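**Q** Task: produce atomic coordinates for the following.
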Amino acid sequence: MKLTYPIIIAPNLCAGVQLEDGSYVTIEYSDRPGDRGTDRLKWTDARIRYRWTVLRDGLPDVTSDDLQSGCGGGTLALGMQSLLSFLSYFGECHSPNRLRDAEGFDLFPIELGEWAYLNYDELSSLGCMLEENPDCIDEEVDRG
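**A** Reported below is the predicted structural model:
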């Protein structure tokens with residue numbers, strides 16, 4: 001696997017990004033298969049499930065494997081782009097000016113709310129950087 005900025009190898013040895021506050025957002029493929037959706041979908045339409053982690057200095061790691069690609073699969077780069085987009089929206093929802101019952105308020109565990117709000121701009125910026133550089137994670141998978 002070849003990584004290009006802003007993607008780095010994070011302390012948990014996964015592909016990730018580091019924020020200015022010293023925290024990391026990482027992603028890897030989950031061992032658990034993604035949903036197949038409806039019975040009408042072919043196996044090739046299955047979704048990829050990602051495991052994501054937020055590492056914050058001095059605080060417990062927050063991790064889950066609830067993020068999935070669209071039908072037909074996805075790459076780590078696309079998964080990270082989606083993750084950063086969802087995290088920045090989550091941060092926006094946790095603005096002191098937003099209603100607590102706003103849609104998106106419960107996308108992630110509540111303990112990430114203030115962190116995501118404080119890092120909203122950087123999460124958005126990193127997401128845009130990944131959109132402009134979709135080859136930032138070159139997986140070079142040997143399927144032979």
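**Q** From now on I want contacts and neighbour counts done on CA atoms only, so please keep to that.
**A** Fine.
**Q** As a check, name the ranges of all strands in this structure.
**A** Secondary structure of the chain, counting by DSSP state E: strands at 2-3, 8-9, 15-18, 24-29, 49-55, 62-68, 137-138.
**Q** Take the ones you listed and lay them out in a markdown table including mean neighbour count and distance to Met80.
**A** Listed next are the strands of the chain as a markdown table, based on neighbours: other Cα atoms under 10 Å; distance: least, Cα to Cα, whole Å:
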| stretch | mean neighbour count | distance to Met80 |
| --- | --- | --- |
| strand 2-3 | 14 | 13 |
| strand 8-9 | 16 | 12 |
| strand 15-18 | 23 | 8 |
| strand 24-29 | 23 | 6 |
| strand 49-55 | 21 | 8 |
| strand 62-68 | 17 | 10 |
| strand 137-138 | 18 | 10 |
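**Q** need those strands in a markdown table with distance to Ala116 and mean pLDDT, can you?
**A** A markdown table is the format used below for those (distance: least, Cα to Cα, whole Å; pLDDT from 0 to 100):
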| stretch | distance to Ala116 | mean pLDDT |
| --- | --- | --- |
| strand 2-3 | 24 | 90 |
| strand 8-9 | 20 | 96 |
| strand 15-18 | 13 | 97 |
| strand 24-29 | 11 | 97 |
| strand 49-55 | 10 | 97 |
| strand 62-68 | 12 | 94 |
| strand 137-138 | 23 | 88 |
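**Q** where's the residue most central in space within the chain relative to Gly58, distance?
**A** Nearest residue to the geometric centre of the chain (Cα atoms, centre = their mean): Leu83, 2.5 Å. Applying Cα to Cα, to the nearest Å, the value for Leu83 to Gly58 is 22 Å.
**Q** re the thing from before, can you add distance to Glu122 and give the strands of the chain back as JSON lines?
**A** Shown next, in JSON lines, are the strands of the chain (distance: least, Cα to Cα, whole Å):
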{"stretch": "strand 2-3", "distance to Glu122": "19"}
{"stretch": "strand 8-9", "distance to Glu122": "16"}
{"stretch": "strand 15-18", "distance to Glu122": "10"}
{"stretch": "strand 24-29", "distance to Glu122": "12"}
{"stretch": "strand 49-55", "distance to Glu122": "14"}
{"stretch": "strand 62-68", "distance to Glu122": "19"}
{"stretch": "strand 137-138", "distance to Glu122": "19"}
